[in-house]
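[1] Need a 3D model of the following:
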Amino acid sequence: MFEIFEHTADLGLRVRAADLNTLFAEAGRGLFWLMLDDLEVVQPRSSLSFDLSAPDLVDLLHDFLAELLYAFEIRKLVLCRFAVKVNDCSLHAEASGEPFDLARHAVTREIKAITYHALSVTELSEGWVAEVIVDI
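    Below is the predicted model of the structure:
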């Protein structure tokens, strides 16, 4: 589950999940949900996979989302499905989607960057929550 929260001139994304794998997958989905008018029109026609490691979970989340934003900006991929396996401070991610098509994929927000400002990954008694602020 993810939701938007307001933040001055930027935009915040809050993600909740029962486990870390789902938290990261939902954060990826939430990122594209922020950018696109209708994430449901994206078809999982192609995929990409990557591995990351970082000193902590906060940096790992930042780098994961930055990698997805890079896939959108440079590789022109819109992604809709995510499978993430987090192991300590590393992850393996599989993401599916399709090439961006202006006729089918309306961009509602241009996300310039994933920020470190107030970035958090927290374990709670009922699961995990992450907050990330994106520069729009």
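[2] Now stretch 94-112: buried residues?
    Under the neighbour-count criterion of 16 or more other C-beta atoms under 10 Å, stretch 94-112 has 95, 96, 97, 98, 100, 105, 111 buried. Heads up, the C-betas are built off the backbone N, CA and C, glycines and all.
[3] so where's the chain uncertain?
    1-9 (pLDDT under 70).
[4] hey, where'd the helices end up in it?
    Remark: helices assigned in the chain by DSSP state H are 20-35, 57-73.
[5] Now the two most distant members of the buried residues of stretch 94-112.
    Within the buried residues of stretch 94-112, 96 and 111 form the most distant pair, 19.8 Å apart (C-beta to C-beta).
[6] what about the strands in this structure?
    Under the criterion DSSP state E, strands of the chain are mapped to 2-7, 10-17, 46-53, 77-87, 90-99, 113-114, 120-124, 127-135.
[7] of all those strands, which lies closest to residue 35?
    Among the strands of the chain, strand 77-87 comes nearest to residue 35, with 8.0 Å by C-beta to C-beta.
[8] List the contacts of the closest one.
    20-21, 24-26, 28-29, 32, 36, 39-40, 42-44, 46, 48, 57, 60, 64, 68, 71-72, 91-100, 105 (C-beta atoms under 8 Å, 6 or more residues apart in numbering).
[9] Need the buried ones from the residues you listed selected in ChimeraX.
    Only the buried entries of the contacts of strand 77-87 go into this ChimeraX selection, using 16+ other C-beta under 10 Å:
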select :20,21,24,25,26,28,29,32,36,39,42,57,60,64,68,71,72,91,93,95,96,97,98,100,105
